[in-house]
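Visitor: Model the structure of this input:
(one chain, ligands or ions: 1)
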Amino acid sequence: MSNYPIIAYNFCPQCGKPLVRAEIAKQTYSHCPDCSFVHWGEFSLGVGGIVWHEDKVLLVRRAQNPGKGNWTIPGGFVDQRERIAEAIVRELQEETGLETEPVSLIALRDRPGNKHDLYMIFLLRYIGGELQPELEEVSDIGFFTIEECRALPIAHLSLSVIEASQTQISGFIPKNGVQLIGEKSVLYQASTPINLHN
Ligand SMILES: [Zn+2]
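Guide: Down below sits the predicted model:
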């Protein structure tokens with residue numbers, strides 16, 4: 001485990017009582033002596049989407065920092081109340097105007113730090129719509145061949161997952177019909193078996 005400090009809050013955000021420090025599983029956390037609140041840390045969930053259409057892939061040019069002027073796959077942050085697949089479809093629609101349908105989850109970028117930042121990359125099926133950049137976030141937009149992508153100022157992560165998605169792609173597929181707790185629960189399951197005994 002890396003040693004990033006967890007922000008120490010002084011007061012309970014649920015009931016307002018002063019928080020105390022306690023050791024839980026050899027790590028120190030702030031918790032409330034009066035209610036169940038424990039400050040486990042800061043986390044953020046992001047999603048990105050790869051959309052191929054007629055052998056070209058969808059990219060957006062960032063209008064804001066970080067990475068202003070760079071091309072990336074479209075995406076954004078997951079709302080606490082939505083499924084990750086709902087988030088990427090919504091973000092794609094908002095940023096690009098396109099209608100898409102999630103196929104599978106093909107990559108994760110895990111980055112612990114002052115905030116633990118998890119970024120999940122979906123492969124999506126192009127359905128339709130008109131390219132319409134959301135100008136606050138996106139200064140330009142388009143579909144590009146892989147050769148054109150390589151010639152652009154493009155985020156390394158975007159190019160890496162685009163290249164990986166050109167060949168066979170399986171990834172994690174949302175599985176229907178599994179009994180899970182919580183109406184929003186979805187199980188993503190590997191679509192091909194992995195042999196650990198060869
Ligand atoms: Zn409390």
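
Visitor: pLDDT below threshold where in this structure?
Guide: 1-7, 168, 193-194, 198 (pLDDT under 70).

Visitor: For the helix ranked longest in it, buried residues please.
Guide: Ranked by residue count and defined by DSSP state H, the top helix of the chain is helix 84-96. For helix 84-96, burial by neighbour count (16 or more other CB atoms under 10 Å) applies to 84-89, 91-93, 95-96. Yep, even glycine has a C-beta here, placed from its N, CA and C like the rest.

Visitor: just stretch 140-147 next, same as before
Guide: In stretch 140-147, counting by 16+ other CB under 10 Å, buried: 141-144.

Visitor: just checking, which of those residues belong to strands?
Guide: Judged by DSSP state E, the buried residues of stretch 140-147 include 141-144 as members of strands.

Visitor: and which of those is nearest L123?
Guide: F143 (15.2 Å; CB to CB).

Visitor: neighbours around the closest residue to R81 other than its chain neighbours, how many?
Guide: Spatially, and ignoring its direct neighbours in sequence, R81 is nearest to K184 (8.0 Å; CB to CB, 6 or more residues apart in numbering). Number of residues near K184 (other CB atoms under 10 Å) recorded here: 9.

Visitor: helix or strand for K184, which one?
Guide: Per DSSP states H and E: K184 is located in neither a helix nor a strand.

Visitor: and if you look at the one 4 residues further on?
Guide: Counting by DSSP H and E, the element that carries Y188 is strand 187-190.

Visitor: and that strand, what does it pack onto?
Guide: Judged by 3 or more CB pairs under 8 Å, 6 or more residues apart in numbering; DSSP states H and E, strand 187-190 is in contact with strand 172-175.

Visitor: helices or strands next to the strand it packs on in the packing?
Guide: strand 98-111, strand 187-190.

Visitor: Show residues contacting the shortest one.
Guide: What it means is strand 187-190. 105, 170-175, 178, 180 (CB atoms under 8 Å, 6 or more residues apart in numbering).

Visitor: how deep is I154 tucked in, by neighbour count?
Guide: For I154, the tally of surrounding residues (other CB under 10 Å) stands at 21.

Visitor: Where do the helices of this structure begin and end?
Guide: For the chain, the helices defined by DSSP H cover 84-96, 146-151, 156-164.

Visitor: List the contacts of the residue minimising distance to the centre of the chain.
Guide: Against the mean C-alpha coordinate of the chain, by CA atoms, centre = their mean, the closest residue is V47 at 2.3 Å. Residues near V47 by CB under 8 Å, 6+ apart: 75-78, 84, 87-88, 91, 119-122.

Visitor: now Y29, nearest residue through space, not along the chain?
Guide: Nearest to Y29 is V38, by CB to CB, 6+ apart, at 5.5 Å.

Visitor: Good, we can wrap up now.
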